[in-house]
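>>> Here is the input, now give the coordinates:
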Amino acid sequence: MRQTDRRPAKMFQLNPFRLTDASLWHFLMLQGMVIIAYLLARQWFLHQQREKLKLLRQLQEEINALRAAQMERATLPEATGRDDLKEVAGVNLKVESILNSVGIHRFGQLAATQVPTLQTVLEEHGPLIFSFDPATWPGQARLAADNRWAELRAWQEEARRGSHLDIEQLIREGLKQKTKPKRGIARTIPRPDPV
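A predicted model of the protein is given here:
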């Protein structure tokens, strides 16, 4: 009986035809598949990027339309003359000129303007103006328009010292002066009432 050189059959053979350059062919096919996968993934990524840019443009247009509508809705009461808006803490000469350019000349007009509208005006007019926080400007302007200068000055002084008093509460209730006990005998002896 003649023995034949038989090898056990493999389930998967990389070189079934016993080609001498089969590994080169396998490498080339693998490279081709990688290139095709890269091109398909690149096309998918570019498509996704175009869709996101399109959505971003639509959202930016909607934001711009809402800002324009908000600016149109912000109706300022007509007033004659001008007030010195620099009396409001946080308003300097540049900010006052910007407010004047959009039609805010009086304390009553500034008091009637909403904070988001002020922020939008400051963002759209001039560099570095957006760093100002106009959150308390309408409240301060309301105090100035009502000729409550003492309360306004007291609030501004407290704000300079670092106290964060609510300007709206001040408008509703009035500023309560903090009395500090002073040193000396004159404070402890009650003074007689004038007759």
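>>> residue boundaries of the helices in the protein?
Here the chain has its helices, by DSSP state H, at 22-73, 93-101, 107-112, 115-124, 137-145, 149-160, 167-173.
>>> Any idea which of these gets closest to R82?
Each of the helices of the chain has some distance to R82 by Cβ to Cβ; the shortest is helix 93-101, at 7.5 Å. Bear in mind the C-beta positions are built from the backbone N, C-alpha and C, glycine included.
>>> how about the helices of the chain, which one is nearest N15?
helix 22-73 (4.0 Å).
>>> Now do the closest one: which elements does it pack against?
helix 115-124 (3 or more Cβ pairs under 8 Å, 6 or more residues apart in numbering; DSSP states H and E).
>>> Same question for stretch 103-113: list its buried residues.
Neighbour counts over stretch 103-113 (16 or more other Cβ atoms under 10 Å) mark 104-113 as buried.
>>> any weak-confidence spans in the chain?
1-14, 16, 72-80, 126-132, 164-165, 169-195 (pLDDT under 70).
>>> returning to what we had before: among the buried residues of stretch 103-113, which one sits closest to E123?
Distances from E123 to those, taken by Cβ to Cβ, are shortest for T113, at 14.4 Å.
>>> Spatially nearest residue to A89 (excluding sequence neighbours)?
Q156 (4.7 Å; Cβ to Cβ, 6 or more residues apart in numbering).
>>> separation between the one you found and W149?
As judged by Cβ to Cβ, to the nearest Å, Q156 and W149 stand 10 Å apart.
>>> ok, back up a step: reformat the buried residues of stretch 103-113 as a markdown table; add distance to L39.
Below are the buried residues of stretch 103-113 laid out as a markdown table (distance: Cβ to Cβ, whole Å):
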| residue | distance to L39 |
| --- | --- |
| I104 | 58 |
| H105 | 63 |
| R106 | 66 |
| F107 | 66 |
| G108 | 66 |
| Q109 | 62 |
| L110 | 60 |
| A111 | 63 |
| A112 | 61 |
| T113 | 56 |
